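Novice: okay, predicted coordinates and the sequence, questions at the end:
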Amino acid sequence: MSQWYQMDFPDPSSEPARMLYCYHDTVLVIVMMVLFGVGWFLILVLVAPFMKGLVNRDITNSDKLEVAWTLLPSFFLVAIGSSSLLNLYEMEVGDNVGYNVSVTGHQWYWEYNYILDLDEFTKDSNYIYFSLMKDY
């Protein structure tokens, strides 16, 4: 349940929501690792002129370094992308869906389209489609 001034996500009520929360935490950890790594190298380069011998500026090429800074980000991107695609697939193939909501944002208003399955209530038509527009 959401509370006023809540600093965290509300409790998940479905498996896709739980997977999205785990995805969010995983991406947050990867972003923090990249932030600390880049910050460490930035501090190292900025402090190097004041400390002799800390950074070797005479290196013109290093094959190991180039392979490392090419492969390491690609591993991060593959990990983030594969879990994101898994979450997308799980959200698309919902099992116990009562109704679908399509929300379209226009420049000055939101358009809500609801598709309800009323097969239990009516036998004549399987779907009722209606639209609700709000102007805020």
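Specialist: Arrived safely, thanks for sending.

Novice: how is this structure carved up into domains?
Specialist: 15-55+62-93, 100-134 (the TED database).

Novice: just put the ones you listed in TSV and tack on mean neighbour count.
Specialist: Any C-beta I mention is one placed from the backbone N, CA and C, and that applies to glycine too. Formatted as TSV, the domains of the chain follow (neighbours: other C-beta atoms under 10 Å):
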stretch	mean neighbour count
domain 15-55+62-93	11
domain 100-134	10
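
Novice: by mean pLDDT, show me the worst of those domains.
Specialist: Between the domains of the chain, the lowest average pLDDT goes to domain 100-134, which shows a mean of 68.

Novice: re the thing from before, right, and the domains of the chain - which one's nearest M7?
Specialist: Nearest to M7, of all the domains of the chain, is domain 15-55+62-93, at 13.7 Å by C-beta to C-beta.

Novice: Y114 sits in which helix or strand?
Specialist: Per DSSP states H and E, Y114 falls inside strand 109-117.
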